[in-house]
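Colleague: Sequence first, predicted coordinates after that:
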Amino acid sequence: MTYTIADDCENTVTKTATYTIVDTTDPVVTCTPDDATFECVGTAGNEAAADQWNADNLTKLDLCASDICSDDVTITSDYDFANLSD
């Protein structure tokens, strides 16, 4: 922002100031992702179920997360079926 100060003789001086908003507050999450246990039904069946479980948790977290300084939050997951344990 630039401010200009003038006297009656049209002498001026300008001063500047910066208004900065800093967001140091974490998003608020009012729910937790769901755990799941599945019976082994073969890789294809279990992978489809795990994919859906991850998608459902992403949706659930998206619906219950908010942030005071921004309208949207971003939900990500490091889900990889190959990294799940037996």
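Modeller: Structure's in. What do you need? Numbering: from 1, shown residues only.

Colleague: Just confirm residue 63 is within a strand.
Modeller: No - going by DSSP: H, G, I helix; E, B strand; the rest coil, the assignment for residue 63 is helix, not a strand.

Colleague: Could I get the contacting residues of it?
Modeller: residue 31 (Cβ atoms under 8 Å, 6 or more residues apart in numbering). C-beta coordinates here come from the backbone N, C-alpha and C atoms, glycine included.

Colleague: same thing but 10 Å
Modeller: For residue 63, the contacting residues are 30, 31, 75, by Cβ atoms under 10 Å, 6 or more residues apart in numbering.

Colleague: low-confidence ranges in this protein?
Modeller: Scanning the chain for pLDDT under 70 picks out 86.

Colleague: what about the strands in the chain?
Modeller: Assigned by DSSP state E, the strands in the chain fall at 2-6, 12-16, 28-29, 65-66.

Colleague: Starting from the last one, tell me which strands it pairs with and how they run.
Modeller: Meaning strand 65-66. strand 28-29 (antiparallel) (DSSP bridges).

Colleague: Please consider this matter closed, and thank you.
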